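Give me coordinates for this.
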Amino acid sequence: QVQLVESGGGLVQAGGSLRLACAASGPTFNRYAMGWFRQTPGKEREAVATILGTGEIISYAESVKGRFTISRDDAKKTVYLQMNSLKPEDTAVYYCAAGSRYGLAPNLYDYWGQGTQVTVSS
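As a prediction, the model looks like this:
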């Protein structure tokens, strides 16, 4: 069982930066693929970035490539999402997820955090 708690969301102007953090509990954190997903009202949850291992495999949504960076610190059981050059269309609730299978599809992930709101003003 893994519990995930996100932090770091907030309100930022377009062009600004935020760093999200996801703290995990449980003894086997380093075995899980981790991902950041986001969702806006009326839309399906979509992958933002995913990471396997200590960074051997990383994937990004096309819309965030070059602006967002995912990383993890297994000693701290934490995964991060550094978001730079934020745009109004990045506004969403951002969720952290952990799973035993790797990929960009939300249904591959078994555990989810409660989400943190990111709002980018124009």
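
The helix or strand of the chain with the lowest mean pLDDT: which residues count as buried?
Ranked by mean pLDDT, DSSP states H and E, the helix or strand of the chain with the weakest confidence is strand 57-60, at a mean of 91. Buried residues in strand 57-60, defined by neighbour count with 16 or more other Cβ atoms under 10 Å: Ser59, Tyr60. Every residue, glycine included, has its C-beta placed from N, CA and C.

ok, residues contacting it?
With Cβ atoms under 8 Å, 6 or more residues apart in numbering as the test, strand 57-60 has contacts from Ala47, Val48, Ala49, Thr50, Ile51, Leu52, Phe68, Ile70, Tyr102, Gly103, Leu104.

Point out where this structure drops to low pLDDT.
Judged against pLDDT under 70, the chain has no low-scoring part.

thought Arg72 was touching Gly55?
Yes. If you go by Cβ atoms under 8 Å, Arg72 and Gly55 touch, sitting 7.3 Å apart.

And these two? Which one has more around it.
Arg72 (22 against 10; other Cβ atoms under 10 Å).

So what pairs up with that one in the strands?
Beta-bridge partners of Arg72, counted by DSSP bridges, are Val79.

What's the separation between it and Gln117?
Using Cβ to Cβ, to the nearest Å, Arg72 is found at 22 Å from Gln117.

same question, Gln39
To Gln117, Gln39 is 11 Å away according to Cβ to Cβ.

and for these two, which residues touch both?
Common neighbours of Gln39 and Gln117, counting by Cβ under 8 Å, 6+ apart, are Ala92, Val93.

Tell me which of these two has more neighbours.
Neighbours were counted for Gln39 and for Gln117 using other Cβ under 10 Å; Gln39 has more, 15 against 12.

For the more buried one, give me its contacts.
Neighbouring residues of Gln39 by Cβ under 8 Å, 6+ apart: Arg45, Glu46, Ala92, Val93, Tyr95, Gly115.
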